[in-house]
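Visitor: can't give you the sequence, but here's the structure:
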């Protein structure tokens, strides 16, 4: 790139960040995580400036039950709570399968319909796919935020347009040019996993994009201002010498036609050049503790990146393909289970922050300098469609801050990452999950600066029971609660509403914040200012 363009880009970026800076009241921290205590439930504790209100919970009956999908967070294959004295056994379910509603997407849309003709479903909606279900079948729901209890949750779809069952679903986002929701399925990346698109109205028409985007362990998905899709893959690698091998990729899809993603395009994967510029950092199946892994997780290192095309529908056709395998074959760079990412508002989609969940074990041999506890990476480019960029480590995780998963920008300078430690690490660290607020202007390398814990997640009674059942034959549900679906948006359904296009202003001018307390009771919460009524500062007309 010519020097004058670099200078111009830097000046524009500086002006955007200084003139479009969003004022946001500081949030006090929650001092400690909730401990994991056998048989003890605990409440969620938020920053004093915040409170939460449930917009749906697992026991809400959907307005249009179909087959096993009867409730928001429970299927119909058992009771919501085990009978007194009941214990799991092979072939015997003591409780219903939890559906685990996952990533949330908030939209303001007029003229939407539901199962009851003539009912006014309002304009404010929260969409989510579900990560669990009997026999691996997922489904899509819509929380009608303006509706009464009987119409609060609509089952939008459990099969695609061909009648095939939907897969288990992890991520979601809105793609304004085609007017479609995009849902990601983590799967195994070989026989399962991929991206599905769905219309937002009832009944939803759902189509797979497997011949365009391939199969992968896809989870996080976002769109940029050019219409490209950024897809974050979460596939855990084999364990070698006590640590998991990096096995997942950051993808970018450049569509031929933004109004019709099924028309094809180019799928690319990020390639990172070694620190000594001797070549790219590539998949290494036999070693999780490489010098490259250590370099990637060392503060101050700056890596050159470029995008390599792994599949072009014009050249390679539209047969279903394995995106992960092609990324390895093309020399892309794997990461340690990256799960989600977002563009920093006010940067013109030039800065992309994404996390690595890591190995979720205090016993991992990669914890000491090789990314075992996870990390936050920052990718910077001259524009979202640029072919090259720079990668740096923003935050190296430790036992106190680790296993990051979902992410949302609070404003232009503050970003929230939430943990997904899992039952094992909860026990090892005697701590349930937390949500952390980072200031992206700060240097965390010396540990003088620390992120602020804004949520110490508790554990509801049902999750406490489930945690006690872990490991027993025949028990199918997860244990401790998990924070997921962290989402901050004003619901704008146009291109200006892309996450990263506007400066978020939580609780002001229609900006709303949500998350789901997955597992247990499977409640979805709206975060509100502590002194406000539920209807304050929201346009719900």
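Guide: Great, that's in hand. What you are looking at is a predicted structure, and each value in this text was computed from that prediction instead of being measured.
Visitor: can you find the helix or strand in this structure with the smallest mean pLDDT?
Guide: Ranked by mean pLDDT, DSSP states H and E, the weakest helix or strand in the chain is helix 3-19, scoring a mean of 37.
Visitor: how about the contacts made by residue 33?
Guide: Going by CB atoms under 8 Å, 6 or more residues apart in numbering, residue 33 touches 431-434, 453, 456. Where C-beta positions appear, they are placed from N, C-alpha and C, glycine not excepted.
Visitor: quick one: the closest residue to residue 133 other than its chain neighbours from residue 190, how far?
Guide: For residue 133, ignoring the flanking residues on the chain, the nearest one in space by CB to CB, 6 or more residues apart in numbering is residue 99 at 5.8 Å. Distance of residue 99 to residue 190, given as CB to CB, to the nearest Å: 25 Å.
Visitor: in this structure, which spans are helices?
Guide: Ranges of helices within the chain are 3-19, 210-213, 291-296, 313-316, 323-329, 422-429, 461-469, based on DSSP state H.
Visitor: which of the residues in the third one are buried?
Guide: So the one you mean is helix 291-296. Neighbour counts over helix 291-296 (16 or more other CB atoms under 10 Å) mark 292-296 as buried.
Visitor: out of those residues, who's nearest residue 45?
Guide: Ranked by distance to residue 45 (CB to CB), these are led by residue 296 at 33.9 Å.
Visitor: contacts only, for the closest one.
Guide: So residue 296 contacts 272, 281, 303, 371, 375, 393 (CB under 8 Å, 6+ apart).
Visitor: quick one: pLDDT of it?
Guide: With respect to pLDDT, residue 296 scores 98.
Visitor: what pairs with the top strand by length along the chain, and is each one parallel or antiparallel?
Guide: Using DSSP state E to define each element, the chain has its longest strand at strand 302-312. Strand pairing for strand 302-312, determined by DSSP bridges: strand 265-272 (antiparallel), strand 388-396 (antiparallel).
Visitor: quick one: residues in contact with that strand.
Guide: For strand 302-312, contacts defined as CB under 8 Å, 6+ apart pick out 214, 251-252, 265-275, 277, 295-296, 321, 323, 326-327, 329-332, 379, 387-392.
Visitor: let's go with 6 Å and repeat that
Guide: 252, 266-273, 321, 326-327, 330, 332, 387-392 (CB atoms under 6 Å, 6 or more residues apart in numbering).
Visitor: for this protein, give me the ranges with low pLDDT.
Guide: By pLDDT under 70, the low-scoring segments of the chain are 1-25, 532-541.
Visitor: and which of the buried residues of helix 291-296 is nearest residue 124?
Guide: Using CB to CB, residue 296 is the member of those that sits closest to residue 124, with 41.2 Å.
Visitor: measure the closest one to residue 273 for me?
Guide: When residue 296 is compared with residue 273 (using CB to CB), they lie 11 Å apart.
Visitor: could you do residue 313 as well?
Guide: Residue 313 sits 28 Å away from residue 273, going by CB to CB.
Visitor: and what of residue 186?
Guide: From residue 186 across to residue 273, the span is 28 Å (CB to CB).
Visitor: between those two, which is the more surrounded one?
Guide: Neighbour totals were compared for residue 186 and residue 273, and residue 186 leads with 23 against 17 (other CB atoms under 10 Å).
Visitor: how about the residue positioned nearest the centre of the chain: what's its closest non-neighbour residue?
Guide: Taking CA atoms, centre = their mean as the criterion, residue 406 is the residue nearest the geometric centre of the chain, at 4.1 Å. The shortest distance from residue 406 to any non-neighbouring residue, by CB to CB, 6+ apart, is to residue 486 (4.3 Å).
Visitor: repeat that for residue 342.
Guide: residue 407 (5.3 Å).
Visitor: now do the contacts for that neighbour.
Guide: Counting by CB under 6 Å, 6+ apart, residue 407 touches 340, 342, 417.
Visitor: let's see 8 Å
Guide: Applying CB under 8 Å, 6+ apart, the residues near residue 407 are 220, 340-342, 353-355, 415-418, 486.
Visitor: what's the closest of the residues you listed to residue 469?
Guide: Of these, the one sitting nearest to residue 469 (CB to CB) turns out to be residue 418, at 24.5 Å.
Visitor: what's the separation between residue 310 and residue 262?
Guide: Note on residue 310: its distance to residue 262, by CB to CB, is 19 Å.
Visitor: so for the two, which sits in the more crowded spot?
Guide: residue 310 (25 against 18).
Visitor: just give me the neighbour total for the nearest residue to that one once chain neighbours are set aside.
Guide: Distance criterion CB to CB, 6+ apart; nearest residue to residue 310, sequence neighbours excluded, is residue 326 at 4.1 Å. Using other CB under 10 Å, residue 326 has 20 neighbouring residues.
Visitor: now do residue 120
Guide: Number of residues near residue 120 (other CB under 10 Å) recorded here: 12.
Visitor: try residue 65
Guide: Neighbour number of residue 65 under other CB under 10 Å is 13.
Visitor: next one: residue 286
Guide: Residue 286: 9 surrounding residues under other CB under 10 Å.
Visitor: try residue 160
Guide: 18.
Visitor: before we move on, what about residue 278?
Guide: By the criterion of other CB under 10 Å, residue 278 has 7 neighbours.
Visitor: and it, how far from residue 389?
Guide: 19 Å.
Visitor: so how far is residue 360 from the residue nearest to the centre of the chain?
Guide: Here residue 406 is placed at a distance of 15 Å from residue 360 (CB to CB).
Visitor: repeat for residue 401
Guide: Distance of residue 401 to residue 360, computed by CB to CB: 13 Å.
Visitor: ok, residue 56 next?
Guide: Residue 56 sits 28 Å away from residue 360, going by CB to CB.
Visitor: so who does residue 105 touch?
Guide: Contacts of residue 105 by CB under 8 Å, 6+ apart are 126-128, 172-174, 181, 487, 489.
Visitor: of the residues you listed, closest to residue 47?
Guide: Nearest member of these to residue 47, counting by CB to CB, is residue 487, at 17.7 Å.
Visitor: surely the closest one meets residue 410?
Guide: No. Taking contacts as CB atoms under 8 Å, residue 487 lies outside contact range of residue 410: 11.7 Å.
Visitor: that older thread, how about the contacts of residue 105 in JSON lines, adding neighbour count and distance to residue 103?
Guide: Listed next are the contacts of residue 105 as JSON lines, based on neighbours: other CB atoms under 10 Å; distance: CB to CB, whole Å:
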{"residue": "126", "neighbour count": "26", "distance to residue 103": "11"}
{"residue": "127", "neighbour count": "25", "distance to residue 103": "9"}
{"residue": "128", "neighbour count": "32", "distance to residue 103": "6"}
{"residue": "172", "neighbour count": "23", "distance to residue 103": "5"}
{"residue": "173", "neighbour count": "22", "distance to residue 103": "8"}
{"residue": "174", "neighbour count": "25", "distance to residue 103": "11"}
{"residue": "181", "neighbour count": "24", "distance to residue 103": "11"}
{"residue": "487", "neighbour count": "24", "distance to residue 103": "7"}
{"residue": "489", "neighbour count": "24", "distance to residue 103": "12"}
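Visitor: tell me how many other residues crowd residue 347.
Guide: 20.
Visitor: please apply the same query to residue 49.
Guide: Neighbours of residue 49 (other CB under 10 Å): 14.
Visitor: how far away is it from residue 308?
Guide: Counting by CB to CB, the gap from residue 49 to residue 308 is 45 Å.
Visitor: start to end distance for stretch 96-104?
Guide: Using CA to CA, to the nearest Å, the end-to-end distance of stretch 96-104 comes out at 23 Å.
Visitor: now the buried members of the contacts of strand 302-312.
Guide: 252, 266-273, 321, 326-327, 330, 332, 389, 391.
Visitor: closest one of the residues you listed to residue 65?
Guide: residue 321 (36.7 Å).
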